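# how does the following fold in three dimensions:
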Amino acid sequence: MTEGSSIDPTRPSIARVYDYLLGGKDNYAVDREIGDVFKRDLPGSVAIAFANRAALTRAVQEIVTTTGVRQFIDLGSGLPTADNVHQVAQRHAPESRVVYVDTDPQVLVHGRALLEENDRTRVVPVDVRDPEAVRTHPDTLELIDFDRPVAVVFSAILHHVNDEEDPAAIVRYWRDHVPSGSCFFVSHFRCGNNPETEEAERILQKTFGRGRWRTDEEIASLLDGLEILDPGIVPAPLWRPDAADGPWNGGARELTVWERLIVAGLARKA
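Numbers count the residues shown, from 1 in each chain. Here you go, the predicted structure:
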């Protein structure tokens, strides 16, 4: 989402709060103040960030190891962490190309540094709510061949898009402008219908002034016209877990309220 053209250390940033919760260092006191509300008042909620990141990593690996897709557009990519999309994809398929899309000034600073070390990545400074501008940006067109399948990543971004901004239309735009065989990964905060998650949603909306958490049915409807692959739209830790992802693998224990709060799914354009 747009935050202006320069880094403002006095205003919290979605990307920097997320970075703080994941243990990163690219954040300011104002971001840590928001992050600490979750750590202190909503214990266990930090698991959301880790569950989401792990599901994204598994999805990218799944795409590059089971399909011929070698191009990715990561919308609302946020700050770099361990196992970014290009790192996971290129680990398995070195020829993979990744366009990161974000307008957060600090993300763009890191993006420019990234370009110096990896010539198969680009960072496009366009708002994800303007998909036409993203698709037609010169850096996108330099890297992405829209005659070949593309993986479009909506990792923890659509719940920051208000209903009146029509998040379904954003997904639909990409569905209509990529060829058959393209993949869509979505992760999204879900309505928990309990006091803890209602408080978490209230804090985020009060802090950033936007967004809405949606029901499972609403999240699935964002992928209308696409084939949702097994196991469907499920809590992120349950989306194709592997042995490295923790004791929930194989149903060893029940997920916490927080681990159920973010869902993930992978879809394919037939």
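
# His188 belongs to a strand, doesn't it?
Yes: using DSSP: H, G, I helix; E, B strand; the rest coil, the assignment for His188 is a strand.

# what about it, how many residues nearby?
Using other Cβ atoms under 10 Å, His188 has 26 neighbouring residues. All C-beta atoms are positioned from the backbone trio N, CA, C, and that covers glycine.

# correct me, but it touches Val161?
No: contact between His188 and Val161 fails when scored by Cβ atoms under 8 Å: they sit 10.1 Å apart.

# elements contacting the longest helix seen in the chain?
Longest helix in the chain, counting residues (DSSP state H): helix 47-66. If you count contacts as 3 or more Cβ pairs under 8 Å, 6 or more residues apart in numbering; DSSP states H and E, helix 47-66 packs onto helix 14-21, helix 85-92, strand 151-155, strand 183-189, strand 262-268.

# quick one: closest of those to Leu42.
The closest of the helices and strands packed on helix 47-66 to Leu42 is helix 14-21. By Cβ to Cβ, the value is 11.2 Å.

# packing partners of that closest one?
Helix 14-21 is packed against helix 29-41, helix 47-66, helix 105-117, with contacts defined by 3+ Cβ pairs under 8 Å, 6+ apart.

# distance to Arg135 for those - can I get that in CSV?
Formatted as CSV, the helices and strands packed on helix 14-21 follow (distance: least, Cβ to Cβ, whole Å):
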stretch, distance to Arg135
helix 29-41, 31
helix 47-66, 19
helix 105-117, 18
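
# any idea which of those helices is most buried?
Of all the helices and strands packed on helix 14-21, helix 47-66 has the most neighbours on average by mean count of other Cβ atoms under 10 Å, namely a mean of 21.

# got the angle for the helix or strand just after it vs helix 85-92?
Moving toward the C-terminus from helix 47-66, the next helix or strand (DSSP states H and E) is strand 71-75. If you take axes from the mean of the first three to the mean of the last three Cα atoms, to 10 degrees, strand 71-75 sits at 160 degrees to helix 85-92.

# picking that back up, closest one to Asp147 among the helices and strands packed on helix 14-21?
helix 47-66 (18.2 Å).

# low-confidence stretches in the stretch 1-150 of the chain?
By pLDDT under 70, the low-scoring segments of the stretch 1-150 of the chain are 1-5, 79-82, 115.

# what is the burial count for the spatially closest residue to Arg58 that is not a sequence neighbour?
Among residues not flanking Arg58 along the chain, Arg240 sits closest, at 5.5 Å (Cβ to Cβ, 6 or more residues apart in numbering). The local packing of Arg240 (other Cβ under 10 Å) involves 16 other residues.

# pretty sure Arg240 sits against Glu62.
Yes: using Cβ under 8 Å, Arg240 makes contact with Glu62 at a distance of 6.5 Å.

# nearest the geometric middle of this protein, what residue?
For the chain, the residue whose C-alpha lies nearest the mean C-alpha position (Cα atoms, centre = their mean) is Ser155; its distance is 1.5 Å.

# does that one touch Phe189 like I think?
No: Ser155 lies out of contact with Phe189 (Cβ under 8 Å); the separation is 11.8 Å.

# ok, back up a step: for the residue nearest to Arg58, what are its contacts?
Contact partners of Arg240, counting by Cβ atoms under 8 Å, 6 or more residues apart in numbering, are 58-59, 62, 231.

# could you pull up phi and psi at it?
Main-chain dihedrals, Arg240, degrees, to the nearest 10: phi 50, psi 60.

# how near is it to Phe185?
11 Å (Cβ to Cβ, to the nearest Å).

# what do the two both touch?
Common neighbours of Arg240 and Phe185, counting by Cβ under 8 Å, 6+ apart, are Ala59.

# what residues sit buried inside stretch 83-99?
Across stretch 83-99, burial judged by 16 or more other Cβ atoms under 10 Å covers 84-90, 96-99.

# quick check, nearest of the residues you listed to Glu116?
Nearest to Glu116 among the buried residues of stretch 83-99, counting by Cβ to Cβ, is His86 at 13.6 Å.

# Arg70 - nearest residue in space that isn't next to it in sequence?
In space, and not counting its chain neighbours, Arg70 is closest to Ser96: 4.8 Å by Cβ to Cβ, 6+ apart.
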